[in-house]
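J.: Make a model of this:
(one chain, ligands or ions: 1)
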Amino acid sequence: MTNALPPALESALQSLIHGTPLGPLSFRAQAISKAYRAGSGSKAAVQTGQDVLAYALTRMPATFAAIDDVLDQALLAWPEFSPKTILDLGTGPGTGAWACASRWPELDQIVLLDRHGPFQEFAKKLLAIAPFTSLTQAKQVVQDLAQPGPALAPADLVLAAYVLAELEQAAIYSIIRQAMGAARGLLVVIEPGTPQGYQRLMIARQTLIDMGARILAPCPHQHACLIVAPDWCRFAARLQRSRSHRTTKGVEAAFEDEPYAYLVATLADGGSPKPARIIGPPSRSKIGIALKLCQDQKIETVTIPSRDRTASAHARRLKWGDGYDGPRT
Ligand SMILES: C[S@@+](CC[C@H](N)C(=O)[O-])C[C@H]1O[C@@H](n2cnc3c(N)ncnc32)[C@H](O)[C@@H]1O
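T.: Predicted coordinates for the structure are as follows:
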């Protein structure tokens, strides 16, 4: 499936960039991307209002698409989950808050937490022109998660998207414990789909399991991860690029793939992991469709034979990242 920003967010963004020449933004977008790739945090990479605009045009659609994909998987693991309150940690321009409000327009409260002034100021402007009360009335909290501070406000869904990358390893343990402790329902953690992002999630995963949480997705089990280096667990969200996205990024293609890695965890009773997960792009041949599956005790590639019409019709609709309940008979 190809994701696009919801029209309300796209039009809010367009109204904030109205009249801004895209040339200089393109230059800043490239510098920001280079800085993030080199391991800089947002404080160093995104310093001015222009920088935030460049981030919002070129990174926000990708992080939004990853968040949206992960929320899909969270709901497949726990279909009855229906949050009323959201805490978006390291919200940046408000990406997670918008993804949640677009999915659940009747939310009671959204809290956007970030330590970085330029992101908070931009998020505020975007919230002011949002079409949902949950966004126009959302609460913004300026807090540095890596410093001692007030306890996190409990929420049904706590989200930390693309934040761990900016923290020291020692801070990851503590922030994951605090975030899970604040989550009355689900904690969703998303990182770039790189080996480093995956490693950070493995630290988070063990911390969560040690505190008694259950991993609902993507893992079908609670044992140590079975994926062996140099491989790592990641998925990809395909997203449409708007014209301003393409111009700012200086690219032609109408879509891009955002690799991401994630965890959905809970301390509550609801939900259950899928029995297996497709951890690579399905490959088709005359013989059938081969699915690389992460299962309870093993990783194996299972081929659904073409001669089995029902099972293979079902398998054709499956994609990388989907949960797998077994062949359809
Ligand atoms: C790469 S941006 C991701 C923004 C947003 N979650 C998204 O997915 O588009 C990382 C965000 O985490 C915030 N952040 C990093 N370290 C933080 C900390 N110690 N306390 C609070 N926010 C932090 C940054 O200021 C930045 O807004």
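J.: So for stretch 224-240, what gets flagged as buried?
T.: By 16 or more other CB atoms under 10 Å, the buried positions in stretch 224-240 come out as 225, 226, 232, 233, 234, 235, 236, 237, 239. All C-beta spots, glycine's among them, are computed from the backbone N, C-alpha and C.
J.: Check stretch 253-265 too.
T.: Within stretch 253-265, the residues that count as buried by 16+ other CB under 10 Å are 256, 258, 260, 261, 262, 263, 264, 265.
J.: host element of residue 87?
T.: In the assignment (DSSP states H and E), residue 87 maps to strand 85-89.
J.: Among the buried residues of stretch 253-265, which ones are in strands?
T.: 256, 258, 260, 261, 262, 263, 264, 265 (DSSP state E).
J.: Of those, which one scores lowest on pLDDT?
T.: Among these, residue 256 carries the weakest pLDDT, at 90.
J.: ok, now how distant is that residue from the ligand?
T.: Separation of residue 256 from the ligand (CB to the nearest ligand atom, to the nearest Å): 15 Å.
J.: and that residue, what does it touch?
T.: Residue 256 makes contact with 62, 238, 239, 241, according to CB atoms under 8 Å, 6 or more residues apart in numbering.
J.: let's see it at 7 Å
T.: Contact partners of residue 256, counting by CB atoms under 7 Å, 6 or more residues apart in numbering, are 62, 239, 241.
J.: so the second one makes contact with residue 255?
T.: If I follow you right, that is residue 239. Yes: applying CB atoms under 7 Å, one finds residue 239 in contact with residue 255, separated by 6.2 Å.
J.: Would you state the strands of the stretch 201-329 of the chain in chain order?
T.: 214-217, 235-240, 255-266, 276-278, 283-284, 288-294, 299-305, 323-324 (DSSP state E, counting those that start in this stretch).
J.: would JSON lines of those with distance to residue 119 be doable?
T.: Below are those laid out as JSON lines (distance: least, CB to CB, whole Å):
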{"stretch": "strand 214-217", "distance to residue 119": "28"}
{"stretch": "strand 235-240", "distance to residue 119": "21"}
{"stretch": "strand 255-266", "distance to residue 119": "19"}
{"stretch": "strand 276-278", "distance to residue 119": "32"}
{"stretch": "strand 283-284", "distance to residue 119": "40"}
{"stretch": "strand 288-294", "distance to residue 119": "35"}
{"stretch": "strand 299-305", "distance to residue 119": "38"}
{"stretch": "strand 323-324", "distance to residue 119": "33"}
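J.: Go through those strands and name the closest to residue 126.
T.: Counting by CB to CB, residue 126 lies closest to strand 235-240 out of the strands of the stretch 201-329 of the chain; the figure is 18.5 Å.
J.: List the strands paired with that closest one, with their directions.
T.: Strand 235-240 has the following strand partners under DSSP bridges: strand 2-3 (parallel), strand 255-266 (antiparallel).
J.: Domain map for the protein?
T.: If you go by automatic domain parsing, the domain ranges for the chain are 2-266, 276-324.
J.: any idea which of those is most buried?
T.: domain 2-266 (a mean of 19; mean count of other CB atoms under 10 Å).
J.: Let me see the contact set for the nearest residue to residue 237 once chain neighbours are set aside.
T.: Among residues not flanking residue 237 along the chain, residue 65 sits closest, at 3.9 Å (CB to CB, 6 or more residues apart in numbering). Residue 65 makes contacts with 3, 237, 239, 258, as judged by CB under 7 Å, 6+ apart.
J.: could you redo the last one with a cut-off of 8 Å?
T.: 3, 237, 238, 239, 258.
J.: Make a markdown table from these and add distance to the ligand to it.
T.: Shown next, in a markdown table, are the contacts of residue 65 (distance: CB to the nearest ligand atom, whole Å):
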| residue | distance to the ligand |
| --- | --- |
| 3 | 14 |
| 237 | 12 |
| 238 | 17 |
| 239 | 13 |
| 258 | 10 |
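J.: and for stretch 47-60, what are the contacting residues?
T.: Residues outside stretch 47-60 that contact it (CB under 8 Å, 6+ apart): 5, 13, 16-17, 20, 24-26, 28-29, 32-33, 45-46, 92-93, 95, 118-119, 121-122, 126, 244-245, 248-249.
J.: Tell me the confidence at residue 254?
T.: Residue-level confidence at residue 254 comes out at 87, pLDDT.
J.: wait, it sits on residue 241?
T.: Yes: Residue 254 is within contact range of residue 241, at 5.9 Å (criterion: CB atoms under 8 Å).
J.: so what's the residue sitting nearest the centre point of the chain closest to, chain neighbours aside?
T.: Nearest residue to the geometric centre of the chain (CA atoms, centre = their mean): residue 67, 3.1 Å. Take residue 67 and drop its neighbours on the chain: the residue closest to it by CB to CB, 6+ apart is residue 99, 4.4 Å away.
J.: Identify the residues contacting that neighbour.
T.: By CB under 8 Å, 6+ apart, the contact set of residue 99 is 64, 67, 68, 71.
J.: part of a helix, is residue 101?
T.: Yes: checked against DSSP: H, G, I helix; E, B strand; the rest coil, residue 101 lies within a helix.
J.: isn't it right next to residue 109, touching?
T.: No: the criterion here is CB under 8 Å, and residue 101 misses it with residue 109 at 10.8 Å.
J.: No further questions, thank you.
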